[in-house]
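Enquirer: I'd like to go over a predicted model; first the sequence, then the structure.
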Amino acid sequence: MDENQLEMILNTIQKQLPDDQLLSAAHLISTMRYPKGPNKGKIYSPYLQKKAYESITQSLYKHQPTYKSLQESNTKLKADFKKLHRQNQTLIRKTQSLGVQNRHLRNQKSSHISQIRSLVRCSHQISDATFQKKIKSIFEVNKRSYTSNTVWLATKPPQNWISISTLRTWHQNVSELHVNAQICQVANASVFGIMVDESTRGETKNFVMCYQFWDQKNQTPAVVITRLQDIQKCNAETVCDTVIENIKQDGLDLTKCALWTTDNTAYMSGDKGSAITLFNKKTGLKSLRIGCGLHIIQIVLNHFELAAFGKLSNGTGFSKKSHPYNLLYLAWNLHDGYNASDKDKPLNVNSQIIKNLYDGLLGFHYNQYQLPLRSRWDYELQTAKQYLNRHAAHIEFTNWFIEKLENRKTTPKTYLENWRLFKTWLVDPKLNIQVKCLLITLPPGRRAHEMPDKVFEWHEFLKNLTNNFDMFFSDQLTEAADSLSSKEFEILFNDLEYGIIEALKHFEKWLLQWLHLPLAVCLLGGNNAQPFASSFYHVILQKPWISLPSDLELRFAQDLEGDINNGITNDFGLRELLLHNNDFLEEFKRFCSCDDPKLYKFLNLYDFVKNHIYFIVIFQQQVEGLFNKLDLKTHPNMSPAVKQSKLRLSSDKITKENLNDGFKDIRKQITKSRRTPLQEVQFGPNIASTLLKQILD
């Protein structure tokens, strides 16, 4: 902006203001300036001006209570207090009464148990009718009634006790019955997706496979785990072949497999040799891979940290290099990391003792530190927030505690050195500024139909941050200017800029697919469904604009034209459905121009969105959580079939519909499989050589 334009703007403002406001305006301009730092004397930035205005607005017009209103409020609180006091006394009396009843019932229960045991011992000497009558006489004290199941369980003498093999068979049968019912729902769906992941436990490579689909019966998106397998190798070829074999064994149509949701490891996400690429090559399909959204955000923010603050020599553990992660790990280790190993605790100190010392010295209370993990960005972010909130208390406590440790001759050398290192890093201005810069967060995103809009919002945020990162980190840079040398400030400034550029580059690599076909079709289930439908109608169906397009419609149209020019035509089959179904086409056209575009009013379009969009899972923590359940619900001595059945049963609600009929069918199949003729059982050197070749290749 040149001087003439600036002068014109100032003259216009001066003319618009009344005479009695000119003096206030001049005072405002002379007062609202930076008091120190590199911008000393300059007018505050628009960002700080907006913050000051919001603070004044919130405090200036706050309602002030009067004496009369306070009196009325006090009277009401007293009345509420009396009412609550009476209710409390009533509850105390009821509690005392229930305590007496509880003791009475416990004594009665002990008497019942001894009577029942006595009757069971004598049951072979009396008839079943007499046994049942005496048992019922115990349960029907004071003429109380019980359910038929309770009476049957209590009065039927057991003929066979439940064995381990019976329980194992029951788990397998029920899980098989449940999964078969779910697979029938998958078969009825228009399309389905899969979710796969692998986690190693010792020598076992646990491979989990789930189906994701729209459940027509319950009208909800559903995910069902069908397989837990020990695969020989964890590579693209093995995963691809395992998935194809499982889909065929489940009797599903391979052509309906529209997408995979996976993590972003190389053998899953590569452009040429990934598992999804081999799957499409072997089946002739165009299935889509969706990377786990949380994993992608972790990749983006980790690249920001590495570019801005440097790489760690040890990528997974702690080192004494001056780095934000090492500082946060040391803070956790010295305060809450005493139970991380079986080694003896130094001076018998534990986490609770450290908390008590903080409380006794400073009266400072804090909750448990989050363990920072390089593989979980949100864990490191939480630790950084905790550290910054406790920074002043850490400095004061560390100075006192190190002096006490130095006065003890039995203090372990390593433990003392760690506290000294922590003290050094606590007062390192550059390191603490870097920790503050870690607290960069993106706006939250959720489901597939919201992702295109969210990704566009995140992308614009990061692009704006790249061009104005100095304003975003203004507080940290102002602090750095006061505490760092000019050379250190220049390094920090350049590293922050490089870190933001790297974060933007990896964001565009992993997430911009949501702005292009076919994932852009997910917009039909979101808030911008009508603008996207109008753009799709114009570009993909090559129809004239129904009305004058808005800026948003023009942006969508430009993105769609770019996809067509790049040879991207996959749109989840929407174009073919519209061209071959005139009713759907007319309904789609009405949706593009109506004043009230509620999706559920357009049945064909709503059905398409449910079956192709709403079921898509964008975060994979549901699959990752299965491995936690695997550790909790199973043990190494269990057979693979029992582990699979336990995992299935713990991952979904099991209904009791048609259990008996289902059990009969499953038991017939098990009996049939056990009658395999001996000559059909293959073994020998040739069979062993084939197995060895599969393992080694």
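Expert: Right, received. Where do you want to start? It should be emphasised that the depicted structure is a prediction, and the values quoted were computed from it without experimental measurement. Residues are numbered from 1 along each chain as shown.

Enquirer: Packing partners of the helix or strand where F207 lies?
Expert: F207 belongs to strand 204-215 when assigned by DSSP states H and E. If you count contacts as 3 or more CB pairs under 8 Å, 6 or more residues apart in numbering; DSSP states H and E, strand 204-215 packs onto helix 164-188, strand 192-201, strand 220-230, helix 236-249, helix 621-633. All C-beta atoms are positioned from the backbone trio N, CA, C, and that covers glycine.

Enquirer: right, so of those, which gets closest to K423?
Expert: Among the helices and strands packed on strand 204-215, the nearest to K423 by CB to CB is helix 621-633 (37.1 Å).

Enquirer: A helix includes K94, no?
Expert: Yes - the assignment for K94 is a helix, going by DSSP: H, G, I helix; E, B strand; the rest coil.

Enquirer: what distance separates the helix or strand where E54 lies from the centre of its chain?
Expert: Using DSSP H and E, E54 sits within helix 46-60. Distance, stretch centre to chain centre, for helix 46-60: 35 Å (CA atoms, centre = their mean, to the nearest Å).

Enquirer: Now do the domain split for the chain, please.
Expert: Residue ranges for the domains of the chain, per automatic domain parsing: 168-292+635-674, 323-427, 516-614.

Enquirer: Now do the last one: distance from first to last residue.
Expert: Think domain 516-614. 18 Å (CA to CA, to the nearest Å).

Enquirer: For T255, give its distance to F131.
Expert: Look at T255 and F131: by CB to CB, to the nearest Å, they are 62 Å apart.

Enquirer: actually A481, sorry about that
Expert: Distance, A481 to F131, by CB to CB: 90 Å.

Enquirer: quick revisit: give me the more crowded residue out of T255 and F131.
Expert: Taking neighbours as other CB atoms under 10 Å, T255 and F131 compare with F131 leading, 19 against 11.

Enquirer: Tell me which helix or strand comes right after the helix or strand E553 falls within.
Expert: Following DSSP H and E, one finds E553 within helix 551-565. Reading on from helix 551-565 to the C-terminus, the next helix or strand found by DSSP H and E is helix 574-580.

Enquirer: next SSE after that following helix?
Expert: Next in sequence after helix 574-580, counting helices and strands by DSSP H and E, comes helix 582-593.

Enquirer: Switch the helices and strands packed on strand 204-215 over to TSV; also include mean pLDDT, distance to T383 and mean neighbour count.
Expert: As requested, those are exported to TSV (pLDDT from 0 to 100; distance: least, CB to CB, whole Å; neighbours: other CB atoms under 10 Å):
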stretch	mean pLDDT	distance to T383	mean neighbour count
helix 164-188	80	39	17
strand 192-201	88	24	20
strand 220-230	88	31	18
helix 236-249	93	34	18
helix 621-633	72	19	15
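
Enquirer: So for S645, which of the ones you listed sits nearest?
Expert: Nearest to S645, of all the helices and strands packed on strand 204-215, is helix 164-188, at 3.8 Å by CB to CB.

Enquirer: what angle do the closest one and helix 236-249 make?
Expert: 90 degrees (axes from the mean of the first three to the mean of the last three CA atoms, to 10 degrees).

Enquirer: relative to strand 220-230, how tilted is helix 164-188?
Expert: 130 degrees.

Enquirer: Helix 164-188 vs strand 204-215, what angle?
Expert: Using the same axes, to 10 degrees, helix 164-188 lies at 50 degrees relative to strand 204-215.

Enquirer: got the angle between helix 164-188 and strand 192-201?
Expert: For helix 164-188 against strand 192-201, the angle by the same axes, to 10 degrees is 150 degrees.

Enquirer: could we number from 38 for the rest of this?
Expert: In the new numbering, first residue 38, that becomes helix 201-225.

Enquirer: elements contacting helix 201-225?
Expert: Under the contact criterion of 3+ CB pairs under 8 Å, 6+ apart, helix 201-225 touches strand 241-252, strand 257-267, helix 677-687, helix 696-711.

Enquirer: mean pLDDT lowest for which of the ones you listed?
Expert: Lowest mean pLDDT within these: helix 696-711, a mean of 60.

Enquirer: Okay, helices next: where are they in the stretch 388-537 of the chain?
Expert: Ranges of helices in the stretch 388-537 of the chain, per DSSP state H, counting those that start in this stretch, are 388-399, 414-426, 428-443, 450-463, 466-474, 488-504, 506-509, 511-520, 523-548.
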